[in-house]
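Peer 1: the following comprises the amino acid sequence and a computationally predicted model.
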Amino acid sequence: AGARMMIETAKTAPETFWQEVGKAALTFGVKVLAALLIFIVGILLIRWIQRLLKKAFEHRKTEQTIASFVSSFVSISLTVLLVVISVGTLGINTTSLAALLAAGGMAIGMALSGTVQNFAGGIMILAFKPFKVGDWISAQGYSGTVTAVNITNTRIRTIDLREVVLPNGALSNGTIDNYSTLIIRRIDTTVSVAYGTNAQQCIDLITKILKSDKRILDSTTEGAGEPFVALKTLNSSDISFVVRAYVRTDDFWDTLFDLNKRIYTELPQNGIQFAYP
């Protein structure tokens, strides 16, 4: 109907017709110029925000992976918003476009729900740093040295030289035991010997073994304490002594293995026998 009226107007009043066409063209041209101006200013503003974020991340020494992810996410989100505003400036109804984008985003989010969860977990890990590359951790049933922390997963190398990839979503929501956070770690072990053993003699002998190892620390080291040995339990077929000693984290396993070997060797040499059921 509108087209017919324009044709009739062109036939009956050509001057009026061309005036209307000129006004419409001028109005549309102004909208196009406004949309272009908004788009150009918006692009410049987005770039300024990106530079601002980059400086903030550099100042805070933020992990490169999380800095890149956040910058990309902010840039894409602002660009989509800018396109919607620019299209709306032309007089085009953006309601349908916004609904389409929302539906598409929801569909993508549902399809990538696991990946999104891992992204969020990666951001949490990179931001709060419960561990770093080189730390020895135990999580999700695996123990090993962290070799890489990515935005979606963390890689660890186990003691038997297997590479295990742990999803950051589950990792960030679970319990993480980081053995490398502190430079000092305590050895806790139990020694069971036969009934009839002189308790004080056994305590003195184990204490002597502990104090003769230069790797074992004492109370003069901050965060450590004196080696400790005490009778812990009276069991049905043996008596148990608790043994505690502080060592540097790097010396933990070697010291524990050597301690077990010396206890196994030196206690029987001094007449102390181990218990058997």
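Peer 2: Here it is on my side, so go on.
Peer 1: so where do the helices sit in the stretch 51-200 of the chain?
Peer 2: Taking DSSP state H, counting those that start in this stretch to define them, one finds helices in the stretch 51-200 of the chain at 64-89, 95-111, 113-128, 168-173, 199-211.
Peer 1: would you mind measuring from F228 to Y246?
Peer 2: Separation of F228 from Y246 (CB to CB, to the nearest Å): 9 Å. Bear in mind the C-beta positions are built from the backbone N, C-alpha and C, glycine included.
Peer 1: ok, back up a step: and the helices of the stretch 51-200 of the chain, which one is worst for confidence?
Peer 2: Note on the helices of the stretch 51-200 of the chain: helix 95-111 shows the lowest mean pLDDT, a mean of 60.
Peer 1: ok, H59 to A67 distance?
Peer 2: H59 is 11 Å from A67, where distance means CB to CB.
Peer 1: out of the two, which sits in the busier spot?
Peer 2: A67 (18 against 8; other CB atoms under 10 Å).
Peer 1: so how far is F119 from the more buried one?
Peer 2: 14 Å.
Peer 1: could you do G29 as well?
Peer 2: From G29 across to F119, the span is 44 Å (CB to CB).
Peer 1: equivalent analysis for S72, please.
Peer 2: S72 is 11 Å from F119, by CB to CB.
Peer 1: S240 should be in a strand, yeah?
Peer 2: Yes - counting by DSSP: H, G, I helix; E, B strand; the rest coil, S240 is part of a strand.
Peer 1: what about it, neighbour count?
Peer 2: Residues near S240, counting by other CB under 10 Å, number 16.
Peer 1: so what's it bridging to?
Peer 2: S192, T233 (DSSP bridges).
Peer 1: tell me the contacts of it?
Peer 2: S240 sits next to 190-192, 231-233 when contact means CB atoms under 8 Å, 6 or more residues apart in numbering.
Peer 1: now render those as a markdown table, adding neighbour count.
Peer 2: Listed next are these as a markdown table, based on neighbours: other CB atoms under 10 Å:
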| residue | neighbour count |
| --- | --- |
| T190 | 10 |
| V191 | 22 |
| S192 | 15 |
| L231 | 14 |
| K232 | 14 |
| T233 | 11 |
